[in-house]
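Participant: Starting from these lines, generate the structure:
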Amino acid sequence: MGLKRIDNEQQILELVAGGSEEAFSKLFHGYLNQAGRVVFAIVGSKEQTEEILQDLFVKLWKNRTQLSDIRDFNAYFFILLRNHTLNHLVKMATERKKQQDYARFAVNQDGQGSIAPDHHLDILDKAIDALPLQQKTVFLLRSQGYRNPEIATRMNLTTDSVKKYNQLAIKSIHRYLKVHVTAALAVVAVHFVN
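Facilitator: As a prediction, the model looks like this:
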């Protein structure tokens, strides 16, 4: 599946490479709708489509000096679009899996019959409570099913900030759980040895 080329594409690319915002606007508007249809067909979410396209066009602008060297921009852009979309989906799946793992950890005993499920909940609650306010808020909103753009609007942040706060929260919780669950298992092991 290809994308329709815009008129005077090579000339526009050279202008963009030279830093022309007007030319970039033409490039952006020439590809935005058709790229949006492709991404939406894959991800099925307007918010995620907007996020992917925003990231993609920001990347194009940042690397604009290389655009004049590209012989077949249409093919280049389509591959960039496909890869960006797939990377986004992998990142979302990884993030969702981590969220589900933490939720499962909180509810299940993870095969550790020696530690009460309530203790798991207490440890997870303490890990979340130990987070800085912004990270805690983002993490809790994500766990309630809100998407990054919705959280960004609610908290008056950029989508990138929301992503970063969520990543930091997950890392902090993971470290906290690793330390405290290991300590709890050690206490239980000592109890059984004695």
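Participant: what number of residues lie near residue 168?
Facilitator: 16 (other Cβ atoms under 10 Å). Every residue, glycine included, has its C-beta placed from N, CA and C.
Participant: An error on my part: the question was meant for residue 40.
Facilitator: Counted with other Cβ under 10 Å, residues neighbouring residue 40 total 17.
Participant: Residue 173 versus that one, what's the distance?
Facilitator: Using Cβ to Cβ, to the nearest Å, residue 40 is found at 32 Å from residue 173.
Participant: try residue 21
Facilitator: For residue 21, the distance to residue 173 - Cβ to Cβ - is 42 Å.
Participant: So those two - more neighbours on which side?
Facilitator: Here residue 21 and residue 173 are set side by side on neighbour count (other Cβ under 10 Å), and the busier one is residue 173, at 23 against 10.
Participant: per-residue confidence at the more buried one?
Facilitator: In the prediction, the pLDDT value recorded for residue 173 is 81.
Participant: Then residue 189?
Facilitator: According to the prediction, residue 189 has pLDDT 48.
Participant: shaky segments in this protein?
Facilitator: Applying pLDDT under 70 to the chain picks out residues 1-2, 98-122, 180-194.
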